[in-house]
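Chemist: show me how the following folds:
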Amino acid sequence: MNEIVKEARKIAKIINKIIRINMNILSWVENDIVRDKLKEQIKEEQIIGHRLRDEVPKAYSDPKERDLWWKTFYEELRFLDEKDSL
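Modeler: Below you'll find the predicted structure:
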């Protein structure tokens, strides 16, 4: 298996651990605004983790797909980062 695919899966596992921590924190938060923001962040992390775990191996079966996948993924991460900075 490609080294990048292995690394993507490792990152996905780390993201899943972060999601579990955030869900645990969510159970303690009483402020509705903070809860909503945390729920939104958890959803975004779940999407990223899913894509790393499931889509990277598929993308690596075809070089054209791989390049397109990474370009799209980086654009989405940049969008999420810009959204967080607002």
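
Chemist: rest of the way, CA atoms for contacts and neighbours
Modeler: OK.

Chemist: so which elements touch the helix or strand bottoming out on mean pLDDT in the chain?
Modeler: Lowest mean confidence among the helices and strands of the chain (mean pLDDT, DSSP states H and E): helix 56-59, at a mean of 72. Packing partners of helix 56-59 (3 or more CA pairs under 8 Å, 6 or more residues apart in numbering; DSSP states H and E): helix 3-26, helix 63-85.

Chemist: ok, and for the shortest one, which residues are buried?
Modeler: Pointing back at helix 63-85 there. Neighbour counts over helix 63-85 (16 or more other CA atoms under 10 Å) mark Arg66, Trp69 as buried.

Chemist: CA atoms of that helix as CSV?
Modeler: The C-alpha trace of helix 63-85 is given here as CSV (Å, rounded to 0.1, in the frame of the first residue of the first chain):
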residue,chain,number,x,y,z
PRO,A,63,-2.8,9.5,-11.1
LYS,A,64,-5.3,12.0,-12.6
GLU,A,65,-7.9,11.3,-9.9
ARG,A,66,-5.1,11.7,-7.3
ASP,A,67,-4.1,15.1,-8.4
LEU,A,68,-7.8,16.3,-8.7
TRP,A,69,-8.6,14.8,-5.3
TRP,A,70,-5.7,16.6,-3.5
LYS,A,71,-6.4,19.9,-5.3
THR,A,72,-10.1,19.7,-4.2
PHE,A,73,-9.2,18.6,-0.7
TYR,A,74,-6.7,21.5,-0.2
GLU,A,75,-9.3,24.0,-1.5
GLU,A,76,-11.9,22.7,1.0
LEU,A,77,-9.4,22.9,3.9
ARG,A,78,-8.5,26.5,2.9
PHE,A,79,-12.2,27.4,2.8
LEU,A,80,-12.7,25.9,6.3
ASP,A,81,-9.7,27.8,7.6
GLU,A,82,-10.9,31.1,6.1
LYS,A,83,-14.4,30.5,7.5
ASP,A,84,-12.9,29.9,11.0
SER,A,85,-10.9,33.2,10.8
